[in-house]
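Student: Curious how this folds, go ahead:
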Amino acid sequence: MQAIKDKLNDLSAMRKAKAEAREEEKAEKELAKARVEVAHEVRMAKEAEAAMDLHVHKAVEKAAEHERKQHHGSGRVAVIFFFTQSLMYSIFFYLQYFCYFT
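Tutor: Residues are numbered from 1 along each chain as shown. Here you go, the predicted model:
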């Protein structure tokens, strides 16, 4: 009779150990999934930042080219206005992108 009780206790302990191992594995999988999601968001943020930097760089080049074409004082005002508008558009794009992904 004692052997049967010992066997049942062993089986119960084995089930408990397996259940704990399953729970631990599940927690590790969830953590790995969260890491993948964070890595994806970081990549998307870096891509958006690179796109914004490229856009600003092109705007600066275009403004410089426009300033070279304009030789009188009013050209500077137009260039500053153009650059300001371009920068505002870039910031709007950047904020809109991050609001979409957050």
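Student: Please work out how many residues are found near residue 37.
Tutor: Using other C-beta atoms under 10 Å, residue 37 has 10 neighbouring residues. C-beta coordinates here come from the backbone N, C-alpha and C atoms, glycine included.
Student: I misspoke; the intended subject was residue 63.
Tutor: Neighbour tally, residue 63, other C-beta under 10 Å: 19.
Student: Likewise for residue 67?
Tutor: Neighbour tally, residue 67, other C-beta under 10 Å: 16.
Student: Let me know the helix or strand that it is in.
Tutor: helix 2-69 (DSSP states H and E).
Student: So which elements touch that helix?
Tutor: For helix 2-69, the packing partners by 3 or more C-beta pairs under 8 Å, 6 or more residues apart in numbering; DSSP states H and E come out as helix 73-101.
Student: Show the average pLDDT along the helix it packs on.
Tutor: Computed over helix 73-101, the mean pLDDT rounds to 59.
Student: Go through stretch 57-70 and flag the buried ones.
Tutor: Buried residues in stretch 57-70, counted by 16 or more other C-beta atoms under 10 Å: 59, 63, 67.
Student: for stretch 43-51, that is, sorry about that
Tutor: residue 48.
Student: okay, that stretch in PDB with CA atoms only?
Tutor: C-alpha atoms of stretch 43-51 as PDB (Å, rounded to 0.1, in the frame of the first residue of the first chain):
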ATOM      1  CA  ARG A  43      13.900  49.700 -36.500                       C
ATOM      2  CA  MET A  44      10.900  51.600 -37.700                       C
ATOM      3  CA  ALA A  45      11.900  54.700 -35.600                       C
ATOM      4  CA  LYS A  46      15.400  54.600 -37.100                       C
ATOM      5  CA  GLU A  47      14.000  54.400 -40.600                       C
ATOM      6  CA  ALA A  48      11.600  57.300 -39.900                       C
ATOM      7  CA  GLU A  49      14.500  59.300 -38.500                       C
ATOM      8  CA  ALA A  50      16.700  58.600 -41.600                       C
ATOM      9  CA  ALA A  51      13.800  59.600 -43.900                       C
END
